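A.B. asks: starting from these lines, generate the structure:
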Amino acid sequence: MKNFHIILFNEIVRGYFLGYTRDVIISELPVWGNYRVTDIQEVSNMHTLPYTTLSLENREDVRQFIHLLTSHRIGENIIVGRTGNITLLDWPSLTDGLKSPKGIVKIQVGKAPSELYYMKKRDLICILRDSIQRGKQADSSLLHHLFDTTLFYNFERIVDSAGFSFLIRNSYEYYKENLKIIDYLIDTSFIELYGMLKVSSFPNTIVSEDAVVKNSILGHGTKVDGLVEDSVIFNGVYIEKNTVVKNSVILPLNNIKENVMIENALILGGDNRVIERDCIIGSNSMVPNEDFPGILKKGLTIVGEGVTIPSHSLIGAGCLVHGKWDGIPSPVIAEDGKTVRVS
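C.D. replies: Next up, the predicted model:
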């Protein structure tokens, strides 16, 4: 076995993840109806190899990381990755097949992009020291600078590994990645890995006699009395009668009342989240958000954490509704492409 070490950087949802009212570690984000990012990491056999998970949020983190790298605990060959890149692969086979790196080597997985890079420890130390010496680099962008600038533009060759790679670096990728699980489940090799995931304990899923579910994933403990199509509904969600959910991702524990229409939307979670009756959220329009066109694109609408949506609200395509509602609720009205902060 080579003298190497895997470094996985844990990330916090900031900037590119819209609608959150708190810091959330990406490894704890819910994915695919019943799971978290960390659950997927655990079925990959990375833990059988030498690896370390740490943060890179500020310059002090960088200094501590350099100190760790210069110790004898870390091997000479380094693979770095980030939790916004979910990978399902055979780590021992990957590392056994890697030649000693000359410069920075990008690892793609199953012919798909990844954010895994292979390099000598001394090269990584030089990169990190340079990031400190720049001085002008903002603390909040250190991880972004490392992966999206330094490594992405300076790798010298690509090697491929069998497996699967999924990128969730912003709200749109998170939304699309959750929907893609419907297509992934026709791949027999993926089904084998998917079957290894363990679901947290929840009551049985209930689909009423009058409900209609088409081409969708329902999480455990979900109750559906309405119509769900081309969507992923997470655990503990309740969708009441005459409600339609299309091409959407509904995160855990949402209570969606009667006569609601949701389309092309990402509905985050939050304590006591209710979408009251007779609301319209999103549409099939492709309007981007005026404030975040690179994230809220192709008409994606996001309803942020903990925002109760009052009855008769009308929220268009490409909208972001976020904040906390205090006082007497009144309908939220958001035209296509608009951002609304409720307070």
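
A.B. asks: run a quick neighbour tally on the closest residue to Leu320 other than its chain neighbours.
C.D. replies: Computed as Cβ to Cβ, 6 or more residues apart in numbering, the closest residue to Leu320 that is not its neighbour in sequence is Thr339, at 4.5 Å. Glycine gets a C-beta too; all of them are placed from N, C-alpha and C. For Thr339, the count of nearby residues is 17 (other Cβ atoms under 10 Å).

A.B. asks: again, but for Asp23
C.D. replies: Residues lying near Asp23 (other Cβ under 10 Å) number 9.

A.B. asks: so it: helix, strand or coil?
C.D. replies: Here Asp23 is recorded as coil under DSSP: H, G, I helix; E, B strand; the rest coil.

A.B. asks: ok, Leu266 next?
C.D. replies: Going by three-state DSSP: Leu266 is strand.

A.B. asks: hmm, who's touching the longest strand seen in the chain?
C.D. replies: If you go by DSSP state E, the chain has its longest strand at strand 112-120. For strand 112-120, the external contacting residues (Cβ atoms under 8 Å, 6 or more residues apart in numbering) are 76-82, 84-85, 87, 98, 101, 103-109, 147, 151, 155, 159, 164-165, 167.

A.B. asks: quick one: buried residues of the helix or strand hosting Val62?
C.D. replies: Secondary-structure assignment from DSSP states H and E places Val62 in helix 59-69. By 16 or more other Cβ atoms under 10 Å, the buried positions in helix 59-69 come out as Asp61, Val62, Phe65, Leu69.

A.B. asks: and the second one, what does it touch?
C.D. replies: By Cβ under 8 Å, 6+ apart, the residues touching Val62 are Leu56, Leu128, Ser131, Ile132, Leu142.

A.B. asks: residues in contact with the residue nearest to Ser283 when sequence neighbours are not counted?
C.D. replies: Spatial nearest neighbour of Ser283, chain neighbours left out: Ala317 (4.7 Å); criterion: Cβ to Cβ, 6+ apart. By Cβ under 8 Å, 6+ apart, Ala317 lies in contact with Asn264, Gly282, Ser283, Asn284, Ser285, Met286, Val287, Gly299, Thr301, Asp336, Gly337.

A.B. asks: looking at those, which has the most residues close by?
C.D. replies: Highest neighbour count within these: Thr301, with 29 neighbours (other Cβ under 10 Å).

A.B. asks: ok, what's across the strand from that one?
C.D. replies: Ala265 (DSSP bridges).

A.B. asks: and it, how far is that from Asp271?
C.D. replies: From Thr301 over to Asp271 the distance is 22 Å, taken as Cβ to Cβ, to the nearest Å.
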